[in-house]
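S.K.: Have a look at this prediction, sequence included:
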Protein chains: 4
Amino acid sequence: MHEVITGEQIDAAEFTLRMGELVPLTKQLGIITTDFQDDGRATAYLGYDEKFVRPGGSISGPAIMALADVAMMAGITGKLGWTPMAMTSNLSTTFLSPPKLEGLIAETTALRFGRRLAFFSVTICSESDPATPVAHVTGTYAIPQAR
Amino acid sequence: MHEVITGEQIDAAEFTLRMGELVPLTKQLGIITTDFQDDGRATAYLGYDEKFVRPGGSISGPAIMALADVAMMAGITGKLGWTPMAMTSNLSTTFLSPPKLEGLIAETTALRFGRRLAFFSVTICSESDPATPVAHVTGTYAIPQAR
Amino acid sequence: MHEVITGEQIDAAEFTLRMGELVPLTKQLGIITTDFQDDGRATAYLGYDEKFVRPGGSISGPAIMALADVAMMAGITGKLGWTPMAMTSNLSTTFLSPPKLEGLIAETTALRFGRRLAFFSVTICSESDPATPVAHVTGTYAIPQAR
Amino acid sequence: MHEVITGEQIDAAEFTLRMGELVPLTKQLGIITTDFQDDGRATAYLGYDEKFVRPGGSISGPAIMALADVAMMAGITGKLGWTPMAMTSNLSTTFLSPPKLEGLIAETTALRFGRRLAFFSVTICSESDPATPVAHVTGTYAIPQAR
């Protein structure tokens, strides 16, 4: 039968390092995972950098989407251990209001953690204003199967 | 009354340069826009680079989403001229099959180009296999309004 | 200048009646709105009916999507008063696990309530199991503008 | 090993009948499937009925989403034969422009037909104006597996 692979137990700092090797873009962006729990919740942080800024004061969409992707991979790691072969199957982002020119925090929750698929909701806020989401993301991930 | 701003007419090479300044991440990724039309169609290219590769041979999701975002911004520029203040309001990506380890081509079509909102569908394929999409993206963009 | 229309203040029972006239399908399905708040939160209920059941014990997707749509219209009414001209611009549903053969409850929260657009997240659960969402919906609505 | 079930070969008229039994709501709405092909393309039709109309001349969203769902189930049937246990896992609808007060036609294409998942894009137009989509839908369906 198929069984869910249970990966190596690592902490958020180790996850940040490994994620930076797995997807070097996340390291270039400076995305740091600060916490994850065994129920799929996780928190990731994108420090402010002038190179993310767009005219009008917004932070570029691709950086925000990468942040959400890392947060959801962290949620998977919290639940299953390090699972580099988990693959995004859908990622949908709604940009709600222009971010402030400061760091962004992504908080993710697993709404469903099945054997094959995990589904997450992510809220992204400017670090000084956690009550006003700047973006909302949902993501579905395929969980690799043991043979 | 509100009127749609009509931006400066530029070509795809100039668009690539300006987009690289507007969103430096797209320049770091090496995204090149090769063509856009006045009906909102556009084509953009992401060259192959080992740093985009993930275990299992997939190309990282954030790079693919950034490629789609550029293609849709190119479609807006084809229709309206250079419009740096156009903002993504929704971007939804479905990853369909693992990309080959080669360049990716994004082809976008405007399904609706309204006064305030433009809606695009983007198909992304490996460059040697244009019949097998590796990802499909839909995007909604807010068009800036003249006062 | 544009101003948000503030509609007539009504309660949940009156909203259920009016929504049944506005979208008769919701009346045929028997969708009842039980509560809404002035911050955009709302709760709606779809009673169990054999005609919604599919083989395998699932409840049909269109009934679930209609339920979410009503819940979000209720959230708009809680915030702005009766606003029949609010229009769905995007509704995205992820089906998470098969519903039980019983009533469904939709709980919605407004993540962003702007002048022109409102964005909601909706969680749908079987009535006896509020901890296990059967579906998650996000919706964007265009708010009508006074002239 | 898992194998894709190949269902009974039926035509569009028979599919319309069976779909009306499987999801009675689709029969109440009067949704008719007019064609499907073995590559996953399909066409479905929603006749005009005053009860679908909303103030402002729009046709209600739930009816449009149900139409898209039927069209995608028809595409699955074209490819695999009658497959009543196929289940929607995601359905995302963007409403593009108000439909005319007439019948609606949904045309669907399979962008990916894998062993476990099928992904469709659907364009919905008023019957007299096939060049102006009123809605665009993407859908992911889980294909049942033989044991």
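M.R.: Perfect, I can see it now.

S.K.: and the closest residue to residue A:85 other than its chain neighbours, what are its phi and psi?
M.R.: Excluding the flanking residues, the one nearest residue A:85 by CB to CB, 6 or more residues apart in numbering or on different chains is residue A:144, at 4.1 Å. Glycine gets a C-beta too; all of them are placed from N, C-alpha and C. The phi/psi pair for residue A:144 (degrees, to the nearest 10) reads phi -70, psi 150.

S.K.: Now for residue A:144, how many residues are close by?
M.R.: For residue A:144, the count of nearby residues is 17 (other CB atoms under 10 Å in any protein chain shown).

S.K.: Low-confidence ranges, chain A, go.
M.R.: Scanning chain A with the threshold set as pLDDT under 70 gives A:1-5, A:55-57, A:147.

S.K.: Let's see that with 50 instead.
M.R.: For chain A, applying pLDDT under 50 flags the ranges A:1.

S.K.: Now do the helices in it.
M.R.: A:12-22, A:24-29, A:61-80 (DSSP state H).

S.K.: what about the longest one, near chain D?
M.R.: To tie it back to what came earlier, the one meant is helix A:61-80. No. Residues of helix A:61-80 are not located near chain D by CB under 8 Å from any CB of the partner chain, the shortest gap being 15.6 Å.

S.K.: between that helix and helix B:61-80, how many degrees?
M.R.: Taking axes from the mean of the first three to the mean of the last three CA atoms, to 10 degrees, one finds that helix A:61-80 is oriented at 150 degrees with respect to helix B:61-80.

S.K.: and helix A:61-80, how far from the chain's centre?
M.R.: From the chain centre to the centre of helix A:61-80 is a distance of 1 Å (CA atoms, centre = their mean, to the nearest Å).

S.K.: Please apply the same query to stretch A:7-27.
M.R.: Centre-to-centre, stretch A:7-27 and its host chain are 11 Å apart (CA atoms, centre = their mean).

S.K.: same thing with stretch A:140-147?
M.R.: Here the centre of stretch A:140-147 is set off from its chain's centre by 17 Å, with CA atoms, centre = their mean.

S.K.: Same question for stretch A:60-68.
M.R.: 9 Å.

S.K.: about what we covered before: can you say which of the helices of chain A is nearest to chain C?
M.R.: Set against chain C and scored by CB to the nearest CB, the helices of chain A come closest in helix A:61-80, at 13.6 Å.

S.K.: Between helix A:12-22 and the closest one, find me the angle.
M.R.: 120 degrees.

S.K.: ok so, going back, out of the helices of chain A, which one sits most buried?
M.R.: Mean neighbour count (mean count of other CB atoms under 10 Å in any protein chain shown) peaks for helix A:61-80 among the helices of chain A, with a mean of 27.

S.K.: before we move on, the earlier item: now render the helices of chain A as JSON lines, adding distance to residue B:23.
M.R.: Supplementary listing: these in JSON lines, determined by distance: least, CB to CB, whole Å:
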{"stretch": "helix A:12-22", "distance to residue B:23": "21"}
{"stretch": "helix A:24-29", "distance to residue B:23": "12"}
{"stretch": "helix A:61-80", "distance to residue B:23": "7"}
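
S.K.: Next up, the contacts around residue A:121.
M.R.: Residues counted as contacts of residue A:121 (CB atoms under 8 Å, 6 or more residues apart in numbering or on different chains) are A:108-109, A:111, A:136-138, C:121, C:136.

S.K.: pretty sure residue A:36 is touching residue A:81, no?
M.R.: No. Using CB atoms under 8 Å, residue A:36 is not in contact with residue A:81; the gap is 10.7 Å.

S.K.: Who has more neighbours out of those two?
M.R.: The neighbour comparison of residue A:36 against residue A:81 (other CB under 10 Å) goes to residue A:36, with 24 against 14.

S.K.: Okay, the residue nearest the centre of chain A and residue A:124: tell me how far apart.
M.R.: Of all residues in chain A, the one closest to the mean position by CA atoms, centre = their mean is residue A:71, 1.8 Å from it. For residue A:71, the distance to residue A:124 (CB to CB, to the nearest Å) stands at 8 Å.
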